[in-house]
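Enquirer: Quick check, what structure comes out for this input:
(chains A and B)
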Amino acid sequence: MVDWRWDFTWQILPRLLAATGNTLLAAGIGYAIAVVLGLVLALAQRTPFNPLNAIVREAVEFIRSTPLVLQIFFVFYVGPQFGIRLSPWTAGMIAIGLHYAAYLSEVYRGGLESVPKGQWEAAKSLNLSMPRTYFRVILPQALPPSLAGMGNYLVGIFKDTPMLSVIGVAELMHTANAIGSETYRFLEPFTLVGIIFLLISLPTAAAIRLFEAWTRRKLGLS
Amino acid sequence: MSYFEFLGLYGDRIISGTLITIGLTLLSALLAVAIALAAGLMRMSSNMAVRGVATVYIEIFRGTSLLVQLYWIFFVLPLFGITLEKFTAGFVAVGMNLGAYGAELVRGAILSVPKGQWEAGLALNMSPAKRMRRVILPQAVVLMLPSWGNLFIELLKGTALVSLISVADLMFQVKQINGTTFLSVETFGTALIIYYVLARFMITPSMRWLERFMMRKMGRA
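Expert: Numbering: from 1, shown residues only, chains lettered A, B, ... in the order given. You can find the predicted model right below:
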């Protein structure tokens, strides 16, 4: 029925593993952008200037409810129309970083809202400046409860990197596709891609659950 | 070319793409709900084999990417003698993927129905099936509806990927139009706005309505 060819499997495996490195790199860079930019987006919704808060809020909603693959195309193809050429990697990292920044900003927002009002009042009565209030009082309390949600999106961004293949980033899916069109064999490359994804995402998700339980214990939440 | 000229020239194709996207979303949402209910309940079965099947299904579909699953269903499944037409392959992949996420929602919601309700069902001598159907599930539905709202938006976004196996959805149409006109801002921008409108002004309000409707039915509003 199905002929799985082991010799072919061993022949393409090194190439797929090399591409896995690129996938991990893309997920790592994208996540780093998202972690920082997400915090900026979360804080930008809490300024004293209300119109800005509303605009950022709406922008986050917009990014969250439109497809990532479309955003990747948008970032990649809009530049050239205005004379700016972005490499697939740059465009891909901007798009995926921005997409997940929107998700992470919601996680941070939840964390920020969970800080008791008394903490703000205490900082105010101690006459702390705004940056000092955030960096020394609020964020150290807001970030630990956000860690669990942040972990889920780390796995999420990893699983979304195959979309970068559509603009030619040479990650796992792109390589599997290339092997498929060179050899007309799709069974082995696509199945291996699935297995590699499982082998990375399942242990990572399990580790994140353990880490989540650990932080909850440390914070005295359970 | 002004934006209105652009819409005049390509509006038909964008609308036909949007309709296909809506159709795909509805079909895969139905499939996802059915799978989520089945897999979520199987996940809680006392039979280890039944539980095992559901767990493997959920872990595989949650552990890999939708795009990987879509390509696998479209390119590899025919080698096993199961050939799906591209539109079918598209909504089946999206439905199966989101169904796995939904199964966890179903399980979580059922587990959060208060213990007293289970005991009351038992005390009234209801069969387990009847207790689930008449007492537990309706309350679980109220608990999980808000999360389903988010899931349906993920599902709508997921359907954009089927353009990669050439289903002529909104994403596919704008990619084609962009390929001939190079008007990236107009093409991709229009599509972004349409997806946003579908999510924000169709999915979200109808889920809110459904939440209120269920609450009223349960006598909680």
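
Enquirer: buried sites along the longest helix along chain A?
Expert: With DSSP state H setting the assignment, residue counts place helix A:6-43 as the longest helix in chain A. Neighbour counts using 16 or more other C-beta atoms under 10 Å in any protein chain shown place A:8-9, A:12, A:16, A:19-20, A:22-23, A:26-27, A:29-31, A:33-35, A:37-39, A:41-43 of helix A:6-43 among the buried residues. The way it works is simple: take the backbone N, C-alpha and C, and place the C-beta from them, glycine included.

Enquirer: what's the answer for stretch A:190-209, then?
Expert: Within stretch A:190-209, the residues that qualify as buried by neighbour count (16+ other C-beta under 10 Å) are A:190-194, A:196-198, A:200-202, A:205, A:208.

Enquirer: Next, name the residue at the spatial heart of chain A.
Expert: A:Ile157 (3.8 Å; C-alpha atoms, centre = their mean).

Enquirer: Distance check, B:Val76 against A:Leu199.
Expert: 18 Å (C-beta to C-beta, to the nearest Å).

Enquirer: thinking again about what came up before, now, which of the buried residues of stretch A:190-209 lie close to chain B?
Expert: Restricting those to those adjacent to chain B (criterion: C-beta under 8 Å from any C-beta of the partner chain) gives A:190-191, A:193-194, A:197-198, A:201-202, A:205.

Enquirer: Just to be careful, could you list which of the residues you listed are in helices?
Expert: Using DSSP H, the subset of those located in helices is A:190-191, A:193-194, A:197-198, A:201-202, A:205.

Enquirer: Got the phi and psi for the closest residue to B:Arg134 other than its chain neighbours?
Expert: Setting aside the residues directly before and after it, B:Arg134 is nearest to B:Met126 in space (C-beta to C-beta, 6 or more residues apart in numbering or on different chains), at 7.1 Å. With angles defined as degrees, to the nearest 10, B:Met126 sits at phi -80, psi 150.

Enquirer: Downstream of the helix or strand hosting B:Leu19, the next helix or strand is which one?
Expert: Assignment of secondary structure by DSSP states H and E places B:Leu19 within helix B:3-42. Tracing the chain past helix B:3-42, the next element assigned as helix or strand by DSSP H and E is helix B:48-63.

Enquirer: quick check: angle from that following helix to helix B:3-42?
Expert: Helix B:48-63 and helix B:3-42 are oriented at 160 degrees to each other (axes from the mean of the first three to the mean of the last three C-alpha atoms, to 10 degrees).

Enquirer: wait, does helix B:48-63 contact chain A?
Expert: Yes - residues of helix B:48-63 contacting chain A under C-beta under 8 Å from any C-beta: B:59-60, B:63.

Enquirer: now those residues: which count as buried?
Expert: In the residues of helix B:48-63 next to chain A, burial by neighbour count holds for B:60, B:63, counting by 16+ other C-beta under 10 Å.

Enquirer: can I get the residues of helix B:48-63 next to chain A in a markdown table with pLDDT?
Expert: Formatted as a markdown table, the entries for the residues of helix B:48-63 next to chain A read as follows, by pLDDT from 0 to 100:
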| residue | pLDDT |
| --- | --- |
| B:Glu59 | 94 |
| B:Ile60 | 95 |
| B:Gly63 | 92 |
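
Enquirer: which one of the residues of helix B:48-63 next to chain A is nearest B:Leu24?
Expert: When the residues of helix B:48-63 next to chain A are compared for distance to B:Leu24 (C-beta to C-beta), B:Ile60 comes out closest, at 22.2 Å.

Enquirer: Quick check: phi and psi at B:Met44.
Expert: Residue torsions, per degrees, to the nearest 10, at B:Met44 are phi -110, psi 10.
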